[in-house]
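S.K.: can't give you the sequence, but here's the structure:
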Ligand SMILES: Cc1cc2nc3c(=O)[nH]c(=O)nc-3n(C[C@H](O)[C@H](O)[C@H](O)COP(=O)(O)O)c2cc1C
Ligand code: SF4
């Protein structure tokens, strides 16, 4: 062992001494060989492409091998870049130019006169994500969804062919490939408006006919358009898709060029507008011509792109904006650009980004778009801000609002308070209506905000402190009260009292429990002896659970079953029904809280199925159930004119025909009451306020010795809070006055007030009768 070591060490010493002797001749020899090769054999890389000749047109297509080019200033390379650019431009153009697609080989990139006329770009141009450079998480394993719509079966047949072709493709067969008939798709929203997380990176492929007459596809296109035009919701909900491509079927012989496959073009356009990356240009098939061949050709190219992630990258076009020949601003900007083209609009020659870095840049841009920068919910001078202020809201901070309610004005003039005075003793002239979150997670058809409030499923905005909101809300409220000074009939005593708010209705617009500091806000109200009536929409179980005690807690119950709820509330949450049920369970568990179900009856939508509602009452066991006919406030719709006026009816909008008569509300309440009894529940009809078409059902425990106690002893409530001990709804009750009792002569109208029927309400009544 020892000997061997000594021998090895001696060999090494000998090698070192040989290297010392020979190192100079070796270095000189290698240097000479390199210089000789360089001058005799080496051809610079810039000439390589000219040797390749016509192959340059294939660059930018799947399978080309040009990723190492970086010498963009050599004339040959510039020429190649132009060629690449032509390819990309034509692909994009093709997707939006029906004529460019009308030939059977419309999918393959071709050079057009328009593109050759472009001047040479000097600045460094990034035309594709090379295989080497792409760090973009291009989806290679995500599922593929084939959507079709059909009246006479052709598109279905073609969709099946597409399905079969993808399934047979060696590199795609392992993917989940689903085919869906759009005409029967239960929930378009899940796919196109608020896509489920599982759809991230999915590919959507469409096979669509076009009909000059009405067809089911109209509804799909309407949905896409509505989503794009609804400024309150995420305008690019499809940005997380892996990509999409559309194939249209049409009849070239039967319809003019501009009508040929026009609906496929529409879908293609709106998907792009909604942020989906187009992975392949729209294809067309002429059913009176070569539709079969055209589809096969489209499938062939498309499946290559889907199978090869770098192929998908090829369609990503990132160009500089500081271009000598084409000013980015002058270039028609295509709304339906492939992924990340919008990024290029802000990229100047100064900050030309190296190809190698693009993946990272796109990734970080995506991140910042998504979540890192917190914006104001309602920034000044935005359409939302203008629409809300025009409707009389005072915007407080960046996400709260206050508005003087018509009952407050009415009470100031001694002309009656709202139903909450009859039911619970709320004096309307002492009540402030406000919300710490103008945003909501529903788009209810009867929303009297005319759909102008922002919407969202989670809080993604800046958060204002509760002190600022309360101070701003009170200031805004008092400012509006002051303006009532000169209004005829305002009672001096009530006017003076109105400057000390005693009640806060957290129900104005939006979803108050959405606000992250709602508990602090409510605590601050209580510290000022202001009662809190908080209304939530049963879509935020976590926040509802975490909510501290309020004076009265409402949950809006707008439907008795899942489908009706979807139709009426148009919730943004996909799991809205589960959320709704969770909220009911939470409400039941809040036994120390005074709780209320609020039913807003909309004729033709939700004013039936009393038993269904009774079952929901059995689930949550609220202390009270308020049933109110929807208030007509112009046609409720997501569309409105800038001045808040209604623009045009949609199938979801309401008309006077949807407003129930008081008698109809009463009939429904009688049915509901009977159903509650059938289910063995201890409820009965307690009070009414016919003036606002509202009736109150209460748990019979509030009927003590034959007398209803639905009113609230507010002073007692604050005392109990200050004492800091646990208390429940029965601890701060007060007797319901006779005028408010169900069946009383006054039907809930305060006898101290003067009943005034103005022209408007007369017109309203006669309009109701006319329907
Ligand atoms: C009433 C009617 C209207 C049509 N309108 C158009 C049209 O506007 N543009 C078009 O390109 N094709 C139009 N077509 C042709 C259809 O789009 C074509 O036949 C398609 O293959 C039908 O697909 P389907 O069988 O899946 O419903 C129309 C066909 C019919 C019967
Ligand atoms: S409870 Fe509502 S309707 Fe009644 S006065 Fe207050 S804000 Fe107005």
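M.R.: Here it is on my side, so go on. Nothing here was measured: the structure is a model prediction, and the numbers come from that model. Ligands and ions are numbered 1, 2, ... in the order given.

S.K.: And the residue of the chain found nearest ligand 1, how far from residue 157?
M.R.: Nearest residue of the chain to ligand 1 (C-beta to the nearest ligand atom) works out as residue 250 at 2.2 Å. Using the backbone N, CA and C atoms, a C-beta is placed for each residue, glycine as well. Distance of residue 250 to residue 157, computed by C-beta to C-beta, to the nearest Å: 15 Å.

S.K.: about what we covered before: what sits opposite the residue of the chain closest to ligand 1 in the beta ladder?
M.R.: residue 286 (DSSP bridges).

S.K.: what's it in contact with, if anything?
M.R.: Counting by C-beta atoms under 8 Å, 6 or more residues apart in numbering, residue 250 touches 209, 210, 259, 260, 261, 262, 264, 284, 285, 286, 287.

S.K.: Which of these fall within helices?
M.R.: Counting by DSSP state H, those place 262, 264 in helices.

S.K.: restrict the contacts of residue 250 to contacts with ligand 1.
M.R.: Applying C-beta under 6 Å from any ligand atom to those, one finds that 209, 210, 259, 260, 261, 262, 287 fall near ligand 1.

S.K.: pLDDT below threshold where in the protein?
M.R.: Applying pLDDT under 70 to the chain flags residues 1-141, 186, 231-232, 309-374, 446-453, 508, 632-654, 754-771.

S.K.: Near ligand 2, which residues of it are found?
M.R.: Counting by C-beta under 6 Å from any ligand atom, the chain sits next to ligand 2 at 405, 407, 408, 418, 420, 426, 428, 431, 433, 505.

S.K.: hmm, try it at 8 Å
M.R.: 405-408, 411, 417-421, 426, 428-429, 431-433, 503, 505, 507-508, 533 (C-beta under 8 Å from any ligand atom).

S.K.: Now the buried members of these.
M.R.: 405, 407-408, 411, 417-421, 426, 428-429, 431-433, 503, 505, 507-508, 533 (16 or more other C-beta atoms under 10 Å).

S.K.: returning to that earlier point: now render the ones next to ligand 1 among the contacts of residue 250 as TSV, adding neighbour count and distance to residue 716.
M.R.: Shown next, in TSV, are the ones next to ligand 1 among the contacts of residue 250 (neighbours: other C-beta atoms under 10 Å; distance: C-beta to C-beta, whole Å):
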residue	neighbour count	distance to residue 716
209	25	68
210	23	68
259	16	72
260	22	74
261	28	71
262	18	68
287	19	77
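
S.K.: for the residues you listed, which one is nearest residue 473?
M.R.: Among the ones next to ligand 1 among the contacts of residue 250, residue 262 lies closest to residue 473 (C-beta to C-beta), at 50.3 Å.

S.K.: Does the closest one touch residue 209 like I think?
M.R.: No - the pair residue 262 and residue 209 fails to qualify as a contact (C-beta atoms under 8 Å) at a distance of 10.7 Å.

S.K.: For residue 597, which three-state class applies?
M.R.: strand (DSSP: H, G, I helix; E, B strand; the rest coil).

S.K.: Tell me if I'm right that it and residue 619 touch.
M.R.: No - using C-beta under 8 Å, residue 597 is not in contact with residue 619; the gap is 10.3 Å.

S.K.: all helices of the stretch 451-600 of the chain, in order?
M.R.: 466-482, 492-497, 518-527, 541-546, 562-569, 576-589 (DSSP state H, counting those that start in this stretch).

S.K.: Out of those helices, which gets nearest to residue 689?
M.R.: helix 492-497 (19.3 Å).

S.K.: Residue 172 and residue 203, how far apart?
M.R.: 10 Å.

S.K.: wait, residue 738
M.R.: For residue 738, the distance to residue 203 - C-beta to C-beta - is 68 Å.

S.K.: In terms of neighbours, single out the busier of residue 597 and residue 619.
M.R.: Comparing residue 597 with residue 619 by other C-beta atoms under 10 Å, the one with more neighbours is residue 597, at 23 against 13.

S.K.: For that one, name its beta-bridge partners.
M.R.: Where residue 597 sits in a bridge, its partners, by DSSP bridges, are residue 555, residue 625.

S.K.: What residues does it make contact with?
M.R.: Counting by C-beta under 8 Å, 6+ apart, residue 597 has contacts 554, 555, 557, 616, 617, 620, 622, 624, 625, 626.

S.K.: would you turn those residues into a markdown table with neighbour count and distance to ligand 1?
M.R.: Supplementary listing: these in a markdown table, determined by neighbours: other C-beta atoms under 10 Å; distance: C-beta to the nearest ligand atom, whole Å:
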| residue | neighbour count | distance to ligand 1 |
| --- | --- | --- |
| 554 | 24 | 48 |
| 555 | 23 | 45 |
| 557 | 26 | 41 |
| 616 | 21 | 42 |
| 617 | 22 | 47 |
| 620 | 21 | 47 |
| 622 | 27 | 50 |
| 624 | 23 | 53 |
| 625 | 28 | 48 |
| 626 | 24 | 49 |
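
S.K.: rewinding a little: could you tell me which residues touch both of residue 172 and residue 203?
M.R.: Contacts common to residue 172 and residue 203, judged by C-beta under 8 Å, 6+ apart, are 144, 306.

S.K.: For these two, indicate the residue with more neighbours.
M.R.: A direct count of neighbours by other C-beta under 10 Å for residue 172 and residue 203 places residue 203 higher, at 28 against 18.

S.K.: where along the stretch 601-750 of the chain do the strands fall?
M.R.: Taking DSSP state E, counting those that start in this stretch as the test, the strands found in the stretch 601-750 of the chain are 624-629, 683-689, 694-699, 703-704, 707-708, 711-712, 733-734.

S.K.: hey, which of these is tucked in deepest?
M.R.: strand 694-699 (a mean of 26; mean count of other C-beta atoms under 10 Å).

S.K.: residues in contact with that strand?
M.R.: 419, 423, 621, 623-629, 665-666, 669, 672-673, 676, 682-689, 708, 710, 742, 748.

S.K.: Helices along the stretch 151-300 of the chain, start to end?
M.R.: 154-168, 188-192, 217-229, 262-273, 291-307.

S.K.: Of those helices, which stretch is the most buried?
M.R.: Greatest burial across the helices of the stretch 151-300 of the chain, using mean count of other C-beta under 10 Å, falls to helix 262-273, with a mean of 23.

S.K.: Against which helices or strands is it packed?
M.R.: Packed against helix 262-273, as judged by 3 or more C-beta pairs under 8 Å, 6 or more residues apart in numbering; DSSP states H and E, are the following elements: strand 203-209, helix 217-229, strand 243-250.

S.K.: That helix relative to helix 154-168, how many degrees between them?
M.R.: 50 degrees (axes from the mean of the first three to the mean of the last three C-alpha atoms, to 10 degrees).

S.K.: and helix 262-273 with strand 243-250, angle?
M.R.: Using the same axes, to 10 degrees: helix 262-273 against strand 243-250 is 170 degrees.

S.K.: Break this protein down into its domains, please.
M.R.: 48-130+318-371, 144-313, 383-764 (automatic domain parsing).

S.K.: Save the ones next to ligand 1 among the contacts of residue 250 as CSV, and put in distance to residue 272 too.
M.R.: Listed next are the ones next to ligand 1 among the contacts of residue 250 as CSV, based on distance: C-beta to C-beta, whole Å:
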residue, distance to residue 272
209, 20
210, 18
259, 21
260, 20
261, 16
262, 16
287, 25
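
S.K.: No further queries at this time; thank you.
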